[in-house]
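Asker: sequence plus the predicted model coming up.
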Amino acid sequence: MGESSIEVRKLDHIRICLEKDVEFKQKTTWFEFVEFIHVAAPELNYDDIETSTEFLGRKFSAPILIEGMTGGAKGTEIINKNLAMSALEFNIPLGLGSQRAAVEKPELVESFRIVRDVAPDVFLIANIGGVQLIEGGVKLAEEVVSMVDANALAIHLNPLHEIVQPHGTTSFKGTLDAIRKIVEKLSVPVIVKEVGCGISGELSRRLSEMGVAAIDVGGAGGTNWAKIERIRALEKGFLENAAIGKTFLEWGIPTAAATIEACTSTKIPIISSGGIRSGLDIAKAIAIGASMAGIARPLLHHAVVSSDRIVKVLRQMVSELKTAMFLTGCQNIESLKKVNVVITGRLLEWIKQRGIQHPKVRI
Ligand SMILES: Cc1cc2nc3c(=O)[nH]c(=O)nc-3n(C[C@H](O)[C@H](O)[C@H](O)COP(=O)(O)O)c2cc1C
């Protein structure tokens with residue numbers, strides 16, 4: 001039985017993400033172990049709260065990033081178009097899905113390029129797999145950036161995903177060296193991201209020493225790629241892949257832990273993502289050290305319908321973020337970054353065992 005083309009795989013991902021329960025089940029993001037200290041008398045007016053922030057040299061209306069999801073298959077244009085229109089309206093950055101398919105099949109370029117047609121000024125993040133860059137190098141990185149006139153490049157690292165995926169690419173040796181060369185040569189900032197297993201403090205430090213501009217931790221607790229590829233493997237009769245997917249269903253560094261790992265290991269901006277599901281999650285991510293919070297799958301269901309639907313969800317999240325800021329007496333994102341939190345349970349245990357020195361945690 002042969003594995004399908006990249007194009008079919010991309011459509012499978014969308015279908016499975018829309019139709020099935022693909023979230024982590026036992027493992028959570030661990031944001032439940034981050035507690036704010038309620039302020040009963042906030043000396044500020046809710047209407048004066050400001051959520052704007054700066055990231056990679058641009059000012060955005062909120063510390064929210066739409067994570068890369070799609071493109072690279074016929075029918076995905078509408079999703080990218082709606083995401084782009086909402087990112088433009090909201091003035092927040094937008095990530096694209098992996099552009100590998102369009103490099104191999106130029107007729108698919110439009111599924112990405114549509115974003116520039118409808119939102120010429122949106123801060124756009126191109127996307128390619130780290131593993132593809134071992135062979136493709138700087139040339140491939142430049143190609144995906146210029147394909148959409150991107151403002152930054154996200155390089156995704158997804159070893160578990162590739163293992164469970166039938167015929168996934170599992171030769172990762174040389175990825176870091178490829179990233180180092182690209183960072184040296186590329187004219188736009190490079191973001192390195194995971195897709196749901198998290199990035200550790202050790203790797204964050206190495207990446208920042210190479211000159212990577214930002215790290216998107218893509219932690220565990222949200223969309224689960226072992227699960228998505230396990231579903232595909234079962235559908236296509238790849239039983240060994242499916243069994244590995246089952247064993248590793250709960251693998252990964254929970255998003256709150258990955259965020260703390262990364263933030264305490266480097267000074268470069270950290271994007272907290274993987275299971276961000278509310279404005280309260282966003283507030284907690286910022287309070288433990290992130291510069292931005294990234295959201296993917298919760299927007300997909302709306303992106304297939306209209307940009308208005310996405311804007312509505314984003315508005316709700318910003319209202320929740322502002323509520324958390326109001327209840328902690330924070331008028332702006334800078335004060336939210338400084339506000340005290342109490343860290344409990346498994347997250348505290350993790351911090352202790354890992355010997356992490358977090359400015360807000362007294363052990
Ligand atoms: C349908 C779908 C497709 C995705 N495709 C990509 C991709 O091509 N490249 C990438 O870096 N991440 C991809 N991701 C991962 C997201 O960018 C994000 O890291 C992950 O879904 C965790 O965020 P969430 O829990 O908010 O969904 C995809 C996610 C979804 C839901």
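Answerer: Perfect, thanks for sending it. Numbers count the residues shown, from 1 in each chain.
Asker: model confidence score at whichever residue of the stretch 151-300 of the chain sits closest to the ligand, please.
Answerer: Per CB to the nearest ligand atom, G222 is where the stretch 151-300 of the chain lies closest to the ligand, at 2.3 Å. No exception for glycine: its C-beta is placed from N, CA and C like everyone else's. We have a pLDDT of 98 for G222.
Asker: and the residue lying closest to it once chain neighbours are set aside, what does it touch?
Answerer: Excluding the flanking residues, the one nearest G222 by CB to CB, 6 or more residues apart in numbering is G275, at 2.8 Å. Counting by CB atoms under 8 Å, 6 or more residues apart in numbering, G275 touches 23-24, 28-29, 31, 219-223, 255, 281.
Asker: repeat that for 10 Å
Answerer: 23-24, 27-31, 196, 218-224, 254-256, 281, 295-298 (CB atoms under 10 Å, 6 or more residues apart in numbering).
Asker: and what of V118?
Answerer: Counting by CB under 10 Å, 6+ apart, V118 has contacts 80-85, 87-88, 307.
Asker: including secondary structure, distance to L203 and neighbour count, could these go into a markdown table?
Answerer: Output for those, formatted as a markdown table (DSSP: H, G, I helix; E, B strand; the rest coil; distance: CB to CB, whole Å; neighbours: other CB atoms under 10 Å):
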| residue | secondary structure | distance to L203 | neighbour count |
| --- | --- | --- | --- |
| N80 | helix | 29 | 27 |
| K81 | helix | 34 | 18 |
| N82 | helix | 33 | 22 |
| L83 | helix | 28 | 29 |
| A84 | helix | 31 | 25 |
| M85 | helix | 35 | 21 |
| A87 | helix | 28 | 27 |
| L88 | helix | 33 | 18 |
| S307 | helix | 35 | 21 |
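Asker: among the residues you listed, which two are most distant?
Answerer: Spatial extent of the contacts of V118 (CB to CB) is set by the pair N80 and L88 at 12.2 Å.
Asker: okay, and the common contacts of those two?
Answerer: The contact lists of N80 and L88 share 94, 115, 118-119, where a contact means CB under 10 Å, 6+ apart.
Asker: list just the nearest of the residues you listed to the ligand.
Answerer: Using CB to the nearest ligand atom, the shared contacts of N80 and L88 come closest to the ligand at L94, 11.2 Å.
Asker: number of nearby residues for that closest one?
Answerer: The local packing of L94 (other CB atoms under 10 Å) involves 24 other residues.
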